[in-house]
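Colleague: structural data only, the sequence is not supplied:
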């Protein structure tokens, strides 16, 4: 299982605060599992010196040098434009497999489908994990199984994309576990999947299967006995480019509760639009789900990048006054207030109960109700 | 160009009101271009006898027999489970290409990629049109180009999926043309694309590219000088399985106006939920777009399958009273009232004006705003 592997991270030529994001996610959230980072430009430094976090994780000049730190796996920690594997990185993968390392990759290119890599892995008893691979079983239309679940579900949403939905939810997960709750975090992007050891890379799924693909992951966690299932959000309901994925996650999760993420210092989105009004955004998310079931945005997760701790606390207070909801940078200060609000809401929130039939896995997706209508 | 081809339709073993939907769409909306239907079980009947519409279009027992009606193209008019090409239908395609016919297909299997078909087509100077093919250029994130368009845009939405969005919009298109307006219909499903001769099969697109793929089609129609661009809706914002595609179309179109489609006799959706309240649904659609720009649901398109004309008129009156919006089955009675409401609204609706920059085609999709965040 890749969630226990000790990783050396390939970030050759790109290790830095902005240019090596999969690497940085692993270093921030799986610090104990990262043994070294490869970037010959930075050899001799530590992750802390390059990123400002990550402690004493060393940067090394080559894979060979990194083997001294006894990794089990190579993680491709950088993403080239287009997500393909550059020829220059190919030798790192070959060298890793020949050196007895498993390989983890979030690239669009499926490394496990490469005949040379696959043969080397097979002969060495090694795994190649493509974090973005969508299994055939995930290519299904949602059946609405949320009505049958025992667990409660929480989804992070945001006023914009890339605003801290994963980060907040990981802090919520940590706090719930600290309180002895059986929570399960489901990743929906490559870093979240890497950290959680499970999930589905929803941005690689065609639209009609987004809700179905996350539903399947949630149902699996429900059957495994989770009390609270935490679903990493993607995109934003109000992001013109990425809203499809967000709404699919919302409907596939049909969450008992949501946590809205926001960055006080971000003035506009990818399109130059000011981020939407917080209260309006809360209402919109509650209405989209409220058509089907009771739900609530229980708190605001803040991304206070660029703010001091005091400034972050001030921003949180202003947002609490504006929205009437608890607000905190959970990455810096912990998710206590968010989890308090969540537990308090769920304690009295109605459970959905349903005993009727669900659509069969193959649909009645095709109703034929009108001449000329066409099903997918 | 396939939009002028005279078609013979393959519906072998399946021609009927429910089981041959691509065929039926072609017969209903391109009656003059359909020369015959192949189904050996029904040979000698007419489309009218089998479907209740389609007039004297003959059903024939074989492709060979159908050649007497001088088709230019074979349309695969039925969709097997899974969308693949059954071996038994392969001979029809081969026979068509050998007989000098172009081939049109809405199957998931890309017929043009089949080496035997491709070679036959090339040697005969014939085209194979896969209606569901997504060109590489359509795999892009939305840039928000709606702010630069000259044309006004109209999107059909619905209280459920497969409820008449294409049908209503085709009637609106016909009425606008009758009034001398330069309207352009953009198909988003295989039948709509077949009818319009252009469009993009959005259900085959990954979530992040849905808005971008329709944006590209709209921009093309805008550059070609359309006054009104009509975008065929898909799914429903309140359909748990198919809402992703709907929201992607909404944000990629960012419509000046919408027409909400509804079926008064439909009691519940695929999941057993009652269809949502009409006024609530109107408000939700207006709010989702209203965050970005002024818009309005200008009317309700009815699918009155199963109702007499008098019952349909009665249902329309009740819905007009409930919503304050014009309502009509535009397939039966024409789209006059819907187009009146649309033109009246657009005459005074503010135009969006924008002179700022757009994101470059390659993004700033990757902002790197928080440690551990990961872009697509």
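Modeller: All right, it came through fine. The structure displayed is predicted, hence computed values, not measured ones.

Colleague: shouldn't residue A:116 be within a helix?
Modeller: Yes: checked against DSSP: H, G, I helix; E, B strand; the rest coil, residue A:116 lies within a helix.

Colleague: name the nearest residue to it, ignoring sequence neighbours.
Modeller: Nearest residue to residue A:116, sequence neighbours excluded (C-beta to C-beta, 6 or more residues apart in numbering or on different chains): residue A:94, at 7.3 Å. Any C-beta I mention is one placed from the backbone N, CA and C, and that applies to glycine too.

Colleague: next: residue A:300.
Modeller: With C-beta to C-beta, 6+ apart, the residue lying closest to residue A:300 is residue A:327, at 3.9 Å.

Colleague: so what's the residue count around the one you found?
Modeller: For residue A:327, the count of nearby residues is 26 (other C-beta atoms under 10 Å in any protein chain shown).

Colleague: picking up where we left off before, am I right that the residue nearest to residue A:116 falls within a strand?
Modeller: No: assessed by three-state DSSP, residue A:94 does not belong to a strand; its assignment is helix.

Colleague: and the residue nearest to residue A:300, what's its pLDDT?
Modeller: Looking at residue A:327, its pLDDT stands at 98.

Colleague: look up how far residue A:140 lies from it.
Modeller: 37 Å (C-beta to C-beta, to the nearest Å).

Colleague: repeat for residue A:281
Modeller: Taken as C-beta to C-beta, the span from residue A:281 to residue A:140 is 30 Å.

Colleague: what does residue A:193 give?
Modeller: Distance of residue A:193 to residue A:140, given as C-beta to C-beta: 18 Å.

Colleague: which one's more surrounded, residue A:281 and residue A:140?
Modeller: residue A:281 (24 against 18).

Colleague: pLDDT value on the more buried one, please?
Modeller: pLDDT, read off for residue A:281, is 98.

Colleague: residue A:82 now?
Modeller: With respect to pLDDT, residue A:82 scores 64.

Colleague: sorry, back to before: ok, the residue nearest to residue A:116 touching residue A:124?
Modeller: No: Residue A:94 is beyond contact range of residue A:124, at 11.6 Å (criterion: C-beta atoms under 8 Å).

Colleague: ok, residue A:142 - contacts?
Modeller: A:211, A:212, A:215, A:251, A:252, B:240, B:241 (C-beta atoms under 8 Å, 6 or more residues apart in numbering or on different chains).

Colleague: cool, and residue A:214?
Modeller: A:186, A:188, A:200, A:202, A:231, A:248, A:249, A:252, A:253 are the contacts of residue A:214 under C-beta under 8 Å, 6+ apart.

Colleague: assign it to helix, strand or coil.
Modeller: Per three-state DSSP, residue A:214 ends up helix.

Colleague: what about residue A:184, which helix or strand?
Modeller: If you go by DSSP states H and E, residue A:184 is part of strand A:183-186.

Colleague: can you name the next helix or strand after that strand?
Modeller: In N-to-C order, the element after strand A:183-186 by DSSP H and E is helix A:190-196.

Colleague: can you give the contact residues for that following helix?
Modeller: With C-beta under 8 Å, 6+ apart as the test, helix A:190-196 has contacts from A:2-3, A:21-22, A:25-26, A:29-30, A:75, A:104, A:106, A:131-132, A:166, A:170, A:185-187, A:199-201, A:232, B:372-374.

Colleague: buried subset of those residues, written for ChimeraX?
Modeller: Of the contacts of helix A:190-196, the buried ones go into a single ChimeraX selection, burial set by 16 or more other C-beta atoms under 10 Å in any protein chain shown:
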select /A:2,21,22,25,26,29,30,75,104,106,131,132,166,170,185,186,187,199,200,201,232 /B:372,373,374
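
Colleague: wait, isn't residue A:325 in contact with residue A:301?
Modeller: No: under the criterion of C-beta under 8 Å, residue A:325 is not in contact with residue A:301, lying 10.4 Å apart.

Colleague: which of those two has more neighbours?
Modeller: Neighbours around residue A:325 and residue A:301, counted as other C-beta under 10 Å, are more numerous at residue A:301. The numbers are 28 against 20.

Colleague: just to be sure, that one is in a strand?
Modeller: Yes: under three-state DSSP, residue A:301 falls within a strand.

Colleague: kindly state the beta-bridge partners for it.
Modeller: With DSSP bridges applied, residue A:301 shows beta-bridge pairing to residue A:261, residue A:328.

Colleague: distance check, residue A:354 against chain B.
Modeller: Distance check for residue A:354 against chain B: by C-beta to the nearest C-beta, to the nearest Å, it reads 9 Å.

Colleague: got a list of what that residue touches?
Modeller: Counting by C-beta under 8 Å, 6+ apart, residue A:354 has contacts A:147, A:148.

Colleague: and it, what pLDDT?
Modeller: With respect to pLDDT, residue A:354 has a value of 82.

Colleague: got the phi/psi numbers for it?
Modeller: As for residue A:354, its main-chain torsions (degrees, to the nearest 10) stand at phi -150, psi 130.

Colleague: next, count neighbours for residue A:229.
Modeller: Other residues near residue A:229 come to 27 when the count uses other C-beta under 10 Å.

Colleague: quick one: contacts for it?
Modeller: A:149, A:151, A:152, A:153, A:154, A:183, A:184, A:186, A:218, A:221, A:222.

Colleague: among the residues you listed, which ones are in strands?
Modeller: A:152, A:153, A:154, A:183, A:184, A:186 (DSSP state E).

Colleague: joint contacts of residue A:325 and residue A:301?
Modeller: With C-beta under 8 Å, 6+ apart, residue A:325 and residue A:301 have common neighbours residue A:260.

Colleague: would you mind listing what in the stretch 51-200 of chain A touches chain B?
Modeller: A:51, A:53, A:79, A:81, A:106, A:141-144, A:162-164, A:166-167, A:189-192 (C-beta under 8 Å from any C-beta of the partner chain).

Colleague: at 6 Å what do you get?
Modeller: A:141, A:142, A:144, A:162, A:164, A:167, A:189, A:190, A:191 (C-beta under 6 Å from any C-beta of the partner chain).

Colleague: and residue A:246, that's in a strand?
Modeller: No: read with three-state DSSP, residue A:246 is helix and lies in no strand.

Colleague: what residue, apart from its backbone neighbours, is nearest it spatially?
Modeller: The shortest distance from residue A:246 to any non-neighbouring residue, by C-beta to C-beta, 6+ apart, is to residue A:235 (4.2 Å).

Colleague: list the contacts of the one you found.
Modeller: By C-beta atoms under 6 Å, 6 or more residues apart in numbering or on different chains, residue A:235 lies in contact with A:161, A:242, A:243, A:245, A:246.

Colleague: between those residues, which has the most around it?
Modeller: residue A:245 (31 neighbours).

Colleague: follow-up on the earlier one: how about the ones in strands among the contacts of residue A:229 in CSV, adding distance to residue A:110?
Modeller: Formatted as CSV, these follow (distance: C-beta to C-beta, whole Å):
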residue, distance to residue A:110
A:152, 35
A:153, 30
A:154, 31
A:183, 31
A:184, 26
A:186, 21
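
Colleague: identify the residue spatially nearest to the residue positioned nearest the centre of chain A, adjacent ones excluded.
Modeller: Nearest residue to the geometric centre of chain A (C-alpha atoms, centre = their mean): residue A:192, 3.4 Å. Nearest residue to residue A:192 in three dimensions, chain neighbours excluded: residue A:232, at 4.3 Å (C-beta to C-beta, 6+ apart).

Colleague: phi and psi next, for the one you found.
Modeller: According to degrees, to the nearest 10, residue A:232 has phi -70, psi 120.

Colleague: end-to-end on stretch A:46-65?
Modeller: Length of stretch A:46-65, first residue to last, C-alpha to C-alpha, to the nearest Å: 15 Å.
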